[in-house]
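1. give me coordinates for this.
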Amino acid sequence: MSMLPELNGLEVLRRIRAQQHTPLMLLTARETAEDRVVELKCGAEEYLSKPFAYAELLARTRALLRRRVQSSATSLLVAVMEVDVIRRHVRRGNVRIELTAEELLC
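-> Below you'll find the model as predicted:
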């Protein structure tokens, strides 16, 4: 059963991948290796099963940011949040959170 109202996560992933090359981390309740393989093949760059440790989410987000900084991207979309590494803020919907350099990089 999908937790999204009208689309499943794989369809969302495919649609985002078809339009742009945004780094994507999938946060999912699915746990099997087969599920992970399918989701990675559909375009996810990172994968994290629920429940997860917040520290691991941050570490994986930082890893995605390091890869994107090398490719000159300035922002990263993580679930429903956008992290802008140049302007040092996180946006979730209409809510913007300013980050210090230490918060962004540590």
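2. phi, psi of L27?
-> Backbone torsions of L27, given as degrees, to the nearest 10, read phi -110, psi 120.
3. I'd say it and V80 touch.
-> No: using CB atoms under 8 Å, L27 is not in contact with V80; the gap is 9.7 Å. Heads up, the C-betas are built off the backbone N, CA and C, glycines and all.
4. my guess is R67 contacts E46. True?
-> No: counting by CB under 8 Å, R67 sits too far from E46 to count as a contact (9.6 Å).
5. more crowded one of those two?
-> Between R67 and E46, E46 has the larger neighbour count (other CB atoms under 10 Å), namely 17 against 14.
6. was I right to think the more buried one contacts L27?
-> No: using CB under 8 Å, E46 makes no contact with L27, being 9.2 Å away.
7. thinking again about what came up before, so which of L27 and V80 has more stuff around it?
-> Between L27 and V80, counted using other CB under 10 Å, L27 has the larger neighbour count: 17 against 9.
8. roughly how far apart are the most centrally placed residue in the chain and E34?
-> The geometric centre of the chain, computed from its C-alpha atoms, lies nearest to V78 (CA atoms, centre = their mean), at 2.7 Å. V78 sits 24 Å away from E34, going by CB to CB, to the nearest Å.
9. now do the helices in this protein.
-> For the chain, the helices defined by DSSP state H occupy 9-19, 33-41, 54-70, 101-105.
10. what's the least confident stretch among these?
-> Ranked on mean pLDDT, the bottom entry among these is helix 101-105, at a mean of 67.
11. which residue, other than its chain neighbours, is closest to M25?
-> Once flanking residues are discounted, M25 sits nearest to E46: 3.8 Å by CB to CB, 6 or more residues apart in numbering.
12. can you pull the contacts of the one you found?
-> P23, L24, M25, L26, R60, A63, L64 (CB atoms under 8 Å, 6 or more residues apart in numbering).
13. now flag whichever of those is closest to L99.
-> Among the contacts of E46, L64 lies closest to L99 (CB to CB), at 15.5 Å.
14. which one is the closest one nearest to, not counting chain neighbours?
-> Nearest one to L64, counting by CB to CB, 6+ apart, is P23 at 4.7 Å.
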